[in-house]
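In: output the structure for:
(chains A and B)
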Amino acid sequence: MAHFTKATSVKDWLNQRLAVETVEKVMASEYWIPKNINFLWAMGMILAVTFTLLTISGIFLLMYYQPHVDHAFYSVNFTIMREVDFGWLWRHIHGVAASVVFLVIYIHMFTGIYYGSYKKGREMIWISGMLLFVTFSAEAFSGYMLPWGQMSYWAGMVITNIFSLGSLHLDGLVEWIRGDYVPAQAFLNRFFMLHVFLLPLVIMGLIGLHFAALRIPHVNNQDGEEIDFEEESKKYLADDTKNSKVMRFANDFLSKDLMVVGFFLIFFFYLVFWHYSFALDPVNFDPADGLKTPAHIYPEWYFLWSYEILRPFPVDIGLIAFGFAQVIFMLLPWLDRSENTVPANRRGKFAIWFWVMLVDMVVLTAMGKLPPEGIFSTIGLVASLLFIAMWIILPFITKNEKKA
Amino acid sequence: MKELKILAVVVFFTLLTYFLVEPYAHSQMHKHVESEGFAYKDLPELTKTGDAAKGQELIMSAGCAGCHSIDAANMPAPMDGVMAAQSYGVNPPDLSNAGAIYEAKFLADLIKNPAHALKVEHKYTPESGKMHPMVPFYGMGGDLDQEVADIVAYLRSIAVKPEEVTPAMAFENACGRCHSVGYENWTQLGTKPKFKHKKDSLAYDIKVMEYQDSLKAYMGKLPPDLSMYYRSRSEHFLSTFIENPQSQLAGTAMPRVGVTAESAEKVIEYLADSADTKRHERHQIGLYVMAFMFIFAIFAVLWKKQVWRDLH
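Out: Residues are numbered from 1 along each chain as shown, chains lettered A, B, ... in the order given. Down below sits the predicted model:
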């Protein structure tokens, strides 16, 4: 057993038992961050804060929510919104955060793509991040089911139908997923469990993995410069903080993180108190009715782009395209054949690729919500084909890229 | 400076996506209906000045009280709501405050030609063989327009002042005999009382169900519960729908209710009270939270400046 001495302070007592000083160094005071990064690198902290808000508000909602098809809608819209003190606040925080978290995830993702932060030893950061994205998607979808409104029901119907896989007609699989022929009690119970227990657990594990993946390759920087962290941190510790290319995570970058979080929270709470409805689809304020199909069925905004890749094609091709869209981002570190870790604007054709991809996804998002008729169908089809083509040409345009 | 440029790019794409997904997509998915300002331009203007005293006599002799109650004039309903619905499909309204809640020219047209004023003529065609349950007033032998003006003047004279109309009164009169609002405890027969014994509560529910059966037969389907309509429909939709149901849902059995613009606002306020009860509290607390967040952000900026002073 280790040798314990009489503690000189609470910290010393803890240090002897938990090595808190080592933990503090590894996590904060000697966790080195490059100096030349901008506010986009604070998106991770914003996501951590938003996830915390989601978890806490979720716990309060969980105290009153009833996972029963006859009571779920009432428990959310009457009990929580009217009877429970500040129930409305928890619900609006939860609803707004669920939507905003995806906006920030997309900004985070596109930042990574723009600065090439998925390359050269940082593949695990990218992969764990994409796994987080997929898990967050499942978390969002399962949560959307819980108020048991019209869109919960019909989105649940449409999305689970995808698992019949077109011509394969795997209706048995769809019924197995639903636990019934249509979304009903078993379905609601399952998605309730997934939403409040299993998926949050997976997300927390993946956040741990995502952070751990940063430890060895370190965070990328604005210029894609390869920094000798060992050397630069020595300078910093020798009090040459001005000439060192790195800084501590805490309190150095943390102070900037917090500043960005402060601005973000102003935007966030503005939405919560004055514009909550942007995140809550009006159709979902009608109770679920299996006998009445809504005029338009569409997913939440953050799924629209991949929904649109499914829609303009015949069923089987659509499903293949949809599957392609789900996994292709994961393969980015290998599809981008260039060695350059510099920002896209210094990479020639890749810069064009980046902006076209961004605009294409905005177009797909818009078309995913619009009724699939006339010109909207055509634009949707072209944008979907462009999306697929962009990924096919990516290895070719990056292969011969000159060293930046 | 560079960071501001990056922020501008982020904000631009965020707003662009928002615009396309929200206002633009919704404008393409839903028919846009302009408000007519509750002017009811299709109805003839009142040309005569009514005399309330004559109106009172006319109401008595025309037999209005055979179906309608007028509580304000101590005239009780001839039968209870359930029986009235069994006879007419829906319980005829109490007329005490009709003069304050409904537009005068709507009332005048309603008295002369109910199906026309209510915009349900498509339901009561000669081919259908159906007659609107309210019998038109053909006059007592004098100038019909003058007599109608007198009745309207009487209804206005007994009603509360328009500014005294509460949201609940406006809702009950204009919507509450067909629509329930569960979250406000409102049934088509009125606010459900608190009962001590479950059997009394169930007996009340049975009465409501019997009423609803008649209503279902009359309307074609049971009109929806409106508890969450303030959230599931936009205010603009509710307002234009109340003004003219046919403009949003052609062929619907829902009649035009003919409320004044002020009463329509009160109906919507009632619906907001049901579906967005905490809106006043939300705005109040929102101000405090925003003030806190601004101060937090200012301190965060100052702290960052202090920490970074030694880094550059």
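
In: which ones are touching the closest residue to chain A within the stretch 51-200 of chain B?
Out: For the stretch 51-200 of chain B and chain A, the shortest gap (Cβ to the nearest Cβ) falls at B:Tyr183, measuring 5.5 Å. Where you see a C-beta, it was placed from the backbone N, CA and C, and this is true even at glycine. If you count contacts by Cβ atoms under 8 Å, 6 or more residues apart in numbering or on different chains, B:Tyr183 has them with A:Asn77, A:Phe78, A:Arg82, B:Ser227, B:Met228, B:Ser274, B:Ala275.

In: in these, find the pair that's most separated.
Out: A:Arg82 and B:Met228 (11.3 Å; Cβ to Cβ).

In: more crowded one of these two?
Out: B:Met228 (26 against 15; other Cβ atoms under 10 Å in any protein chain shown).

In: quick check: mean pLDDT of the helix or strand A:Leu385 falls within?
Out: Assigned by DSSP states H and E, A:Leu385 belongs to helix A:374-399. Helix A:374-399 shows a mean pLDDT of 96 in the predicted model.

In: try stretch B:102-122
Out: 95.

In: what comes up buried for it?
Out: B:102-120 (16 or more other Cβ atoms under 10 Å in any protein chain shown).

In: so what's the residue of the stretch 251-400 of chain A found nearest chain B up against?
Out: Relative to chain B, the nearest point of the stretch 251-400 of chain A is A:Phe273 (2.9 Å; Cβ to the nearest Cβ). A:Phe273 makes contact with A:His92, B:Arg282, B:His283, B:Ile285, B:Gly286, B:Val289, B:Met290, according to Cβ under 8 Å, 6+ apart.

In: rerun at 7 Å
Out: B:Arg282, B:His283, B:Gly286, B:Val289 (Cβ atoms under 7 Å, 6 or more residues apart in numbering or on different chains).

In: what about B:Pro1, how many residues nearby?
Out: Let me fix one detail, which is that residue B:1 is Met and not Pro. Residues within reach of B:Met1, counting by other Cβ under 10 Å, total 5.

In: give me the number of residues near A:Asp70?
Out: If we define neighbours as other Cβ under 10 Å, then A:Asp70 has 11 of them.

In: is it in a helix, a strand, or coil?
Out: Three-state call for A:Asp70 (DSSP: H, G, I helix; E, B strand; the rest coil): coil.

In: what pLDDT does it get?
Out: Looking at A:Asp70, its pLDDT reads 97.

In: over to A:Ala404?
Out: 68.

In: what do you get for A:Arg347?
Out: 93.

In: which residue sits closest to it, ignoring its sequence neighbours?
Out: Of all residues not flanking A:Arg347 in the chain, A:Asn340 sits nearest, at 5.5 Å (Cβ to Cβ, 6 or more residues apart in numbering or on different chains).

In: quick check: which element contains that neighbour?
Out: Here A:Asn340 is covered by no helix or strand, with elements defined by DSSP H and E.

In: wait, what's in contact with it?
Out: A:Gly116, A:Gly224, A:Arg347, A:Glu401, A:Lys403, A:Ala404.

In: now render the residues you listed as a markdown table, adding secondary structure.
Out: A markdown table is the format used below for those (three-state DSSP):
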| residue | secondary structure |
| --- | --- |
| A:Gly116 | coil |
| A:Gly224 | coil |
| A:Arg347 | coil |
| A:Glu401 | coil |
| A:Lys403 | coil |
| A:Ala404 | coil |
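
In: B:Tyr102 and B:Ala261 touch, don't they?
Out: No. Applying Cβ atoms under 7 Å, one finds B:Tyr102 not in contact with B:Ala261, separated by 11.5 Å.

In: can you classify A:Pro294 as helix, strand or coil?
Out: coil.

In: per-residue pLDDT, it?
Out: A:Pro294 is given a pLDDT of 94.

In: for it, list the residues it contacts.
Out: A:Pro294 neighbours (Cβ under 7 Å, 6+ apart): A:Gln150, A:Met151, A:Trp154, A:Val283.

In: take these and lay them out in a markdown table including distance to chain B, neighbour count and secondary structure.
Out: Formatted as a markdown table, these follow (distance: Cβ to the nearest Cβ, whole Å; neighbours: other Cβ atoms under 10 Å in any protein chain shown; DSSP: H, G, I helix; E, B strand; the rest coil):
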| residue | distance to chain B | neighbour count | secondary structure |
| --- | --- | --- | --- |
| A:Gln150 | 8 | 24 | helix |
| A:Met151 | 10 | 25 | helix |
| A:Trp154 | 14 | 22 | helix |
| A:Val283 | 7 | 19 | helix |
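
In: out of the residues you listed, which two sit at the greatest distance?
Out: Among the contacts of A:Pro294, A:Trp154 and A:Val283 lie farthest apart (Cβ to Cβ), at 8.4 Å.

In: nearest residue to B:Glu262 other than its sequence neighbours?
Out: Excluding its sequence neighbours, the residue lying closest to B:Glu262 (Cβ to Cβ, 6+ apart) is B:Pro162, at 6.0 Å.

In: just give the number of residues close to the one you found.
Out: 15.

In: mind listing what it touches?
Out: Contacts here follow Cβ under 7 Å, 6+ apart; on that basis B:Pro162 touches B:Ala100, B:Thr260, B:Glu262.

In: relative to B:Ser201, which of those residues is nearest.
Out: So of these, ranked by how close each gets to B:Ser201 (Cβ to Cβ), first place is B:Ala100, at 33.4 Å.

In: show me what from the stretch 101-250 of chain B comes close to chain A.
Out: B:Tyr183, B:Met228, B:Arg231, B:Ser232, B:Arg233 (Cβ under 7 Å from any Cβ of the partner chain).

In: excluding sequence neighbours, find me the nearest residue to the residue in chain B that chain A sits nearest to.
Out: Residue nearest to chain A within chain B: B:Gly286 (2.9 Å; Cβ to the nearest Cβ). Spatially, and ignoring its direct neighbours in sequence, B:Gly286 is nearest to A:Phe273 (2.9 Å; Cβ to Cβ, 6+ apart).

In: name the element that neighbour belongs to?
Out: Going by DSSP H and E, A:Phe273 is part of helix A:254-274.

In: which helices and strands does the helix or strand just after that helix pack with?
Out: Next in sequence after helix A:254-274, counting helices and strands by DSSP H and E, comes helix A:304-310. Judged by 3 or more Cβ pairs under 7 Å, 6 or more residues apart in numbering or on different chains; DSSP states H and E, helix A:304-310 is in contact with helix A:315-328, helix A:349-369, helix A:374-399.

In: phi, psi for A:Arg68 please.
Out: Just to correct that, residue A:68 is His rather than Arg. phi -140, psi 140 (degrees, to the nearest 10).

In: how many neighbouring residues does it have?
Out: Neighbourhood size, A:His68 [other Cβ under 10 Å]: 15.

In: give me the element the spatially most central residue of chain B is part of.
Out: Centroid-nearest residue in chain B, with Cα atoms, centre = their mean: B:Val267, separated by 4.2 Å. In the assignment (DSSP H and E), B:Val267 maps to helix B:261-275.

In: who touches that helix?
Out: Residues contacting helix B:261-275 (Cβ under 7 Å, 6+ apart): B:37-38, B:101, B:162, B:165, B:167-168, B:170-171, B:174-175, B:181, B:183-184, B:226-231, B:235, B:238-239, B:242-243, B:259, B:279.
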